[in-house]
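Asker: The sequence isn't on hand, but the structure is:
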């Protein structure tokens with residue numbers, strides 16, 4: 001192997017490692033954004049959950065499946 005081919009291989013290896021680091025960083029960023037979106041969705045669902053409005057809080061809690 002001559003010096004030029006070793007230098008070329010070294011450069012390609014460095015570029016490959018950098019590309020991999022960038023891809024991992026983008027993936028982590030996408031995961032963080034997805035996690036944030038899921039947390040917001042869960043918060044909105046629990047915030048808008050219906051509360052019992054009748055005097056009897058058991059009303060509507062049982063379903064007759066044999067009908």
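Answerer: Arrived safely, thanks for sending. Values in this document were obtained by computation on a predicted structure and should not be read as measured data. Numbers count the residues shown, from 1 in each chain.

Asker: what is the rounded mean pLDDT of the helix or strand where residue 27 lies?
Answerer: Using DSSP states H and E, residue 27 maps to helix 3-47. Helix 3-47 shows a mean pLDDT of 92.

Asker: what's that helix packed up against?
Answerer: Helix 3-47 is packed against no helix or strand, with contacts defined by 3 or more Cβ pairs under 8 Å, 6 or more residues apart in numbering; DSSP states H and E. The C-beta positions use only the backbone N, C-alpha and C, and glycine is treated the same way.

Asker: Okay, the residue nearest in space to the middle of the chain and residue 23: tell me how far apart.
Answerer: Ranked by distance to the mean C-alpha position of the chain (Cα atoms, centre = their mean), the top residue is residue 34 at 3.2 Å. Distance, residue 34 to residue 23, using Cβ to Cβ, to the nearest Å: 16 Å.

Asker: And for residue 9?
Answerer: Taking Cβ to Cβ, one finds residue 9 at 21 Å from residue 23.

Asker: Kindly report the same for residue 43.
Answerer: Separation of residue 43 from residue 23 (Cβ to Cβ) stands at 31 Å.

Asker: ditto for residue 40
Answerer: Applying Cβ to Cβ to residue 40 and residue 23 gives a distance of 26 Å.

Asker: got it, and residue 4?
Answerer: For residue 4 relative to residue 23 (Cβ to Cβ), the value is 29 Å.

Asker: cool, residue 47 as well?
Answerer: Note on residue 47: its distance to residue 23, by Cβ to Cβ, is 36 Å.

Asker: Between the two, point out the one with more neighbours.
Answerer: residue 23 (10 against 7; other Cβ atoms under 10 Å).

Asker: show me the contacts for the residue nearest to the centre of the chain.
Answerer: Contacts of residue 34 were listed using Cβ atoms under 8 Å, 6 or more residues apart in numbering, and none were found.

Asker: Give the burial count for residue 2, as a bare number.
Answerer: Residue 2: 7 surrounding residues under other Cβ under 10 Å.
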